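Asker: Requesting a structural model of the entry that follows:
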Amino acid sequence: MRTVLLGVIMTGVLASCAPTNLMTSWVDPQASGKKLENVLVIGVARNAPVRRQFEDGFARVLRSRQVGALTSYMQLPDPAAINDAAVRPIALKEKVTHVLIVRLVDQKTVTTYVQSGPAYYGRYPAYYGGWPGYYNVGYGAAMSPGYTYETEYVNLETNVYDVATGKLVWSGLTETELGSRMQERIEDFIYVIFNAMIRDKLI
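Answerer: Sure, this is the predicted structure:
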């Protein structure tokens, strides 16, 4: 029983510490169970390399599940030229069934303060054996200043549209903790979205 309980606790802890969390998602009840067939992936980003990373990543995981995928940067390199008139002939030629769009909706920086605190060594600290050791530990803790650190978060919205009807069939809002390893963060985000779509029976 303790092993099972520990496993549940650890699962919750690991999920809460994940770089990307799915905050909300929605699926059209009529679309659930209707699998994606051929998807045009569009990443809305000013930075061209970031756009390519998002689009290539989504295309790769979709193809791994036998879903056709095209990247918009290959079809329409100029992001300013992406519109319905430009996409429609591509959709007809390549038999695109859905359009997946990812965009940034919010970005924030959170400042966290960590205060200094006493140090403890084991269940019965050795410094209880005499006041000099006790004083040294207490003085060290009192003189150690607290510190602050900043963490950046981005909220991304991922929408999937049915080309035939033009309707939104799936939407997900995520929060990602940014770090120095941007490529890993993008991959984490993509797999969170990917798994949510599997759950909703679109893939």
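
Asker: Can you give me the buried ones in stretch 155-172?
Answerer: Counting neighbours by 16 or more other C-beta atoms under 10 Å, one finds that the buried residues in stretch 155-172 are 156, 157, 158, 159, 160, 161, 162, 163, 169, 170, 171, 172. Heads up, the C-betas are built off the backbone N, CA and C, glycines and all.

Asker: Mark which of these are part of helices, please.
Answerer: Counted as lying in helices by DSSP state H, out of the buried residues of stretch 155-172, is not a single one.

Asker: Let me have those residues in CSV, extended by distance to residue 74 and pLDDT.
Answerer: Converted to CSV, the buried residues of stretch 155-172 look like this (distance: C-beta to C-beta, whole Å; pLDDT from 0 to 100):
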residue, distance to residue 74, pLDDT
156, 22, 96
157, 23, 97
158, 20, 98
159, 20, 98
160, 19, 98
161, 19, 97
162, 22, 96
163, 18, 95
169, 24, 97
170, 23, 97
171, 25, 98
172, 24, 98
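
Asker: Just to be sure, which of these are found in strands?
Answerer: 156, 157, 158, 159, 160, 161, 162, 169, 170, 171, 172 (DSSP state E).

Asker: and residue 102, that one's in a strand?
Answerer: Yes: with the criterion set as DSSP: H, G, I helix; E, B strand; the rest coil, the secondary structure at residue 102 is a strand.

Asker: Am I right that it is in contact with residue 51?
Answerer: No: counting by C-beta atoms under 8 Å, residue 102 sits too far from residue 51 to count as a contact (9.3 Å).

Asker: how about low-confidence regions in the protein?
Answerer: In the prediction, the chain carries residues with pLDDT under 70 at positions 1-17, 116-129, 137, 139-145, 180-182.

Asker: and if we set it to 80?
Answerer: Counting by pLDDT under 80, the chain contains low-confidence ranges at 1-18, 32, 112-147, 149, 179-183.

Asker: can you list the domain ranges for it.
Answerer: In the assignment given by automatic domain parsing, the structural domains of the chain cover 19-111+153-199, 113-147.

Asker: and residue 94, what does it touch?
Answerer: Residue 94 makes contact with 38, 40, 70 under the criterion C-beta atoms under 8 Å, 6 or more residues apart in numbering.

Asker: Could you rerun that using 7 Å?
Answerer: When the contact criterion is C-beta atoms under 7 Å, 6 or more residues apart in numbering, the partners of residue 94 are 38, 70.

Asker: Kindly report the same for residue 174.
Answerer: Applying C-beta under 7 Å, 6+ apart, one finds that residue 174 lies in contact with 20, 21, 22, 23, 155, 156, 189, 192, 193.

Asker: Residue 85 falls within a strand, correct?
Answerer: No: Residue 85 sits outside any strand when classified using three-state DSSP, being helix.
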